[in-house]
Structure formats: C-alpha cells, structure tokens
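Enquirer: Return a 3D structure for these sequence lines:
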Amino acid sequence: MIKSFKHRGLKELSRTGRAARVAPKLKARCLIRLDALSAATRPEDMSVPGFDFHPLRGKPKRFSVHVSGNWCITFEWQDGSPARVDLEDYH
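Expert: Down below sits the predicted model:
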C-alpha cells in the first residue's frame with residue numbers, strides 16, 4: 001500500500017481513477033503502475049517489462065518507473081511501503 005504522495009494528481013488518480021492534474025494521455029499508464037506499486041512488497045517488485053525500473057542517485061534513495069516519453073513515476077521506500085510517490089518530467 002502506498003504510504004504517501006508528493007504529486008496531488010497521482011493521489012487523486014489512485015483513489016478515484018480520475019485526475020485533472022494528470023495529462024489524459026498518461027492516466028491509463030499511470031494507473032497500471034500505481035496498482036503495481038500499491039501491491040509491491042519491495043522496490044524490485046516494480047522490475048516489470050515495460051516499466052524500466054531503476055534506482056536513482058542521491059539521498060534519500062529513490063526509484064523510478066517509466067510512464068511515457070520523459071514522464072516517470074518516482075518513489076522512496078520507507079518501512080516496507082512506497083512513499084512520496086511523484087510524477088516527474090525527466091528531460
């Protein structure tokens with residue numbers, strides 16, 4: 001279960017399936033990744049074909065999964081759950 005969200009649109013999308021703050025072309029792909037993230041018991045569970053899961057450099061330790069184009073969902077892992085889940089545009 002996801003502990004917390006940094007991106008308000010992802011939080012709304014996760015809870016209601018709708019979000020004005022997430023581009024329409026990203027919503028379906030974000031929902032698939034959020035469902036997988038919610039069910040994950042460790043970060044490596046997100047290593048699914050097509051997700052391009054990888055750790056990010058820096059502190060705190062963060063991870064990323066690809067959504068579409070430059071867009072990625074990033075997250076931390078705290079006490080056995082994903083936290084501070086964000087949607088970021090990586091150039």
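Enquirer: pretty sure G9 belongs to a helix, no?
Expert: Yes. Counting by DSSP: H, G, I helix; E, B strand; the rest coil, G9 is part of a helix.
Enquirer: okay but it is in contact with A19, surely?
Expert: Yes. Shown here, G9 and A19 form a contact pair, counting by Cβ atoms under 8 Å, at 4.3 Å. To be clear about C-beta, it is placed using only N, CA and C from the backbone, and glycine gets the same treatment.
Enquirer: neighbour-wise, which of the two wins?
Expert: A19 (22 against 18; other Cβ atoms under 10 Å).
Enquirer: Cross-check the contact I'm expecting between that one and L26.
Expert: No. With contact defined as Cβ under 8 Å, A19 and L26 do not form a contacting pair (9.5 Å).
Enquirer: Identify each buried residue in the longest helix seen in the chain, please.
Expert: What stands out as the longest helix in the chain, according to DSSP state H, is helix 24-39. Neighbour-count burial for helix 24-39 flags 26-27, 29-31, 33-34, 36-37 (criterion: 16 or more other Cβ atoms under 10 Å).
Enquirer: Show residues contacting the helix or strand following it.
Expert: For helix 24-39, the succeeding helix or strand toward the C-terminus, using DSSP states H and E, is strand 54-56. Strand 54-56 is contacted by residues 43, 61-64, 74 when judged by Cβ atoms under 8 Å, 6 or more residues apart in numbering.
Enquirer: Ok, stretch 19-36 next?
Expert: So stretch 19-36 is contacted by 2, 7-10, 12-14, 17, 45-46, 48, 51, 65, 67-68, 71, 73, 85, 87 (Cβ under 8 Å, 6+ apart).
Enquirer: shaky segments in this protein?
Expert: Across the chain, the ranges flagged by pLDDT under 70 are 91.
Enquirer: can you pull the contacts of M1?
Expert: Per Cβ under 8 Å, 6+ apart, neighbours of M1: 38, 81.
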